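S.K.: Sequence first, predicted model second:
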Amino acid sequence: MSARTVRAPAAGESVPTARAGAASRGLPARLTTRAVRTRLGALAGGALLAVLLWRLGTGALLDGLRRVDGPTLLAALGIGLVTTVFSAWRWALVARGLRIRLPFGPAVADYYRALFLNAALPGGVLGDVHRAVRHGQSAGDLGRGVRAVVLERTAGQLALFAAGAVVLLTAPSPVRDEVRHAAPLAVPAVLGACAVVLALRMNRAPSRRGRALRGMLAEAREGLLSRRNAPGVLVSSAVVLAGYVAMFVLAADVVGAGASVTELLPLAVLALLAMGLPLNVGGWGPREGVTAWAFGAAGLGAGRGLAVAVVYGVLSLVASLPGVVVLVARWYAGLRAGSRTTTSPGARKDAYPRPSPSAAPAVPVASAASAVPPPEVSREKYAPKESARLASSSFPFSAEPREGRPMTPESV
């Protein structure tokens, strides 16, 4: 049980007033917990999606959903297979850089399960948390397992930021002018902030937090930037990002957006960047809002943009459905393993050691010396009582085995 510090009431202050003040000070701390932030983000994402549907209507959305057919679903499963396999490969590379074992086959299965949980649960990251904890526990190092997933996701985000900056600076988009005006100011600002942080770290005395930070940077360098891992991480991140863009283009083709791939590329980047915002319900919310605004600004129609974003979400959910198979298979395997453990006859037979046939109840020396021999009685008359005495001795089983099994008091 965790200890709690209770403030004593000041002079002239009543006990209920002191308790009310402590509760009011603890309220902001409770509101900033991860669980509360996840719920608030899910509510904000759901409210944003509801407002979009209310303002833009559901005509284009329902028309786009009606066009989703079998070949489209198969194409989504194929794109999802490619992106999941390359994402799992990147995860395995990062884990190898951190010197923890992660076979490729289980990595693909765990990644599928994480994708489905991300799409089905609020927040969009609970699946990644689950695979991080599971891998860390199975590898015997929870810290490195969690850091491997964090670095793997960081590699994907860095690839998206780098490619997105190039696309938004060069391709025609609703935000190209703003990005071009902000880029000359953003780059020196980032470099200056990094220089200030580095100078402060170099002039500060070594501390426990500083050593932990240097250890994390060393792990990031080994996991992402080492000569052995960097090419694989770069290739896998590029393929995964290309798969996400291909899924967005497929959704736009299903809806009938009537735009070329060059026109859709910056819009897809904006949608993918919006998916990283924490105000979502399994990825839904900001993606639809940004896509509707971007399509409207590009002259393609805000309602059509909302339909593209919703169809993209549906196709992404379909692409993650193999994760359901992984969940059911792991659950069934766990049930079978538990039933074999609890019903194994060998384990039940050997649960207790068998006593030696020659073992006899130990009698203290003093008691044996002072004991008065009982009078001679008929052995046949008291045979049942003797067997009852043997059954109620200090041993859990009788000393004489019967039919190859230890004798319990009920079998005597």
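M.R.: Structure received.

S.K.: how close does residue 112 get to residue 150?
M.R.: Separation of residue 112 from residue 150 (C-beta to C-beta, to the nearest Å): 20 Å. Placement of C-beta: from N, CA and C, glycine included.

S.K.: List the contacts of residue 229.
M.R.: By C-beta atoms under 8 Å, 6 or more residues apart in numbering, the residues touching residue 229 are 93-94, 96-97, 222-223.

S.K.: nearest to residue 131, of these?
M.R.: residue 94 (12.6 Å; C-beta to C-beta).

S.K.: if we can go back for a sec, highest neighbour count among the contacts of residue 229?
M.R.: residue 94 (29 neighbours; other C-beta atoms under 10 Å).

S.K.: Just want the phi and psi numbers for it.
M.R.: In terms of degrees, to the nearest 10, the main-chain angles of residue 94 are phi -60, psi -40.

S.K.: how much space between residue 311 and residue 96?
M.R.: In terms of C-beta to C-beta, residue 311 sits 37 Å off from residue 96.

S.K.: where are the low-confidence patches of the protein?
M.R.: 1-49, 52, 56-61, 123, 177, 180-187, 189-191, 193-210, 278-283, 342-412 (pLDDT under 70).

S.K.: The stretch 251-400 of the chain: helices as residue ranges?
M.R.: 261-275, 286-297, 302-319, 322-343, 345-349, 365-370, 383-391 (DSSP state H, counting those that start in this stretch).

S.K.: Turn those into a markdown table, including mean neighbour count.
M.R.: As requested, those are exported to a markdown table (neighbours: other C-beta atoms under 10 Å):
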| stretch | mean neighbour count |
| --- | --- |
| helix 261-275 | 21 |
| helix 286-297 | 23 |
| helix 302-319 | 25 |
| helix 322-343 | 12 |
| helix 345-349 | 9 |
| helix 365-370 | 8 |
| helix 383-391 | 12 |
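
S.K.: For the ones you listed, please prepare a markdown table with the additional fields distance to residue 135.
M.R.: Below are those laid out as a markdown table (distance: least, C-beta to C-beta, whole Å):
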| stretch | distance to residue 135 |
| --- | --- |
| helix 261-275 | 24 |
| helix 286-297 | 28 |
| helix 302-319 | 22 |
| helix 322-343 | 14 |
| helix 345-349 | 29 |
| helix 365-370 | 61 |
| helix 383-391 | 53 |
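
S.K.: what about those helices, which gets the closest to residue 65?
M.R.: helix 302-319 (6.6 Å).

S.K.: what's the angle from the closest one to helix 261-275?
M.R.: Helix 302-319 and helix 261-275 meet at an angle of 70 degrees, taking axes from the mean of the first three to the mean of the last three C-alpha atoms, to 10 degrees as the criterion.

S.K.: tell me what helix 302-319 is packed against?
M.R.: In terms of contacts (3 or more C-beta pairs under 8 Å, 6 or more residues apart in numbering; DSSP states H and E), helix 302-319 is packed against helix 34-56, helix 59-66, helix 70-97, helix 104-120, helix 230-255, helix 261-275, helix 286-297.

S.K.: Just the C-alphas of the fourth one, formatted as PDB.
M.R.: This means helix 104-120. Provided in PDB are the C-alpha atoms of helix 104-120 (Å, rounded to 0.1, in the frame of the first residue of the first chain):
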ATOM      1  CA  PHE A 104      11.300 -12.200 -37.400                       C
ATOM      2  CA  GLY A 105       8.200 -14.500 -37.400                       C
ATOM      3  CA  PRO A 106       6.900 -13.600 -33.900                       C
ATOM      4  CA  ALA A 107       7.700  -9.900 -34.700                       C
ATOM      5  CA  VAL A 108       5.300 -10.000 -37.700                       C
ATOM      6  CA  ALA A 109       2.600 -11.600 -35.600                       C
ATOM      7  CA  ASP A 110       3.100  -9.200 -32.700                       C
ATOM      8  CA  TYR A 111       3.100  -6.200 -35.100                       C
ATOM      9  CA  TYR A 112      -0.200  -7.300 -36.700                       C
ATOM     10  CA  ARG A 113      -1.800  -7.600 -33.200                       C
ATOM     11  CA  ALA A 114      -0.500  -4.200 -32.300                       C
ATOM     12  CA  LEU A 115      -1.900  -2.600 -35.400                       C
ATOM     13  CA  PHE A 116      -5.300  -4.100 -34.700                       C
ATOM     14  CA  LEU A 117      -5.300  -2.900 -31.100                       C
ATOM     15  CA  ASN A 118      -4.200   0.600 -32.200                       C
ATOM     16  CA  ALA A 119      -7.100   0.800 -34.700                       C
ATOM     17  CA  ALA A 120      -9.700  -0.700 -32.300                       C
END
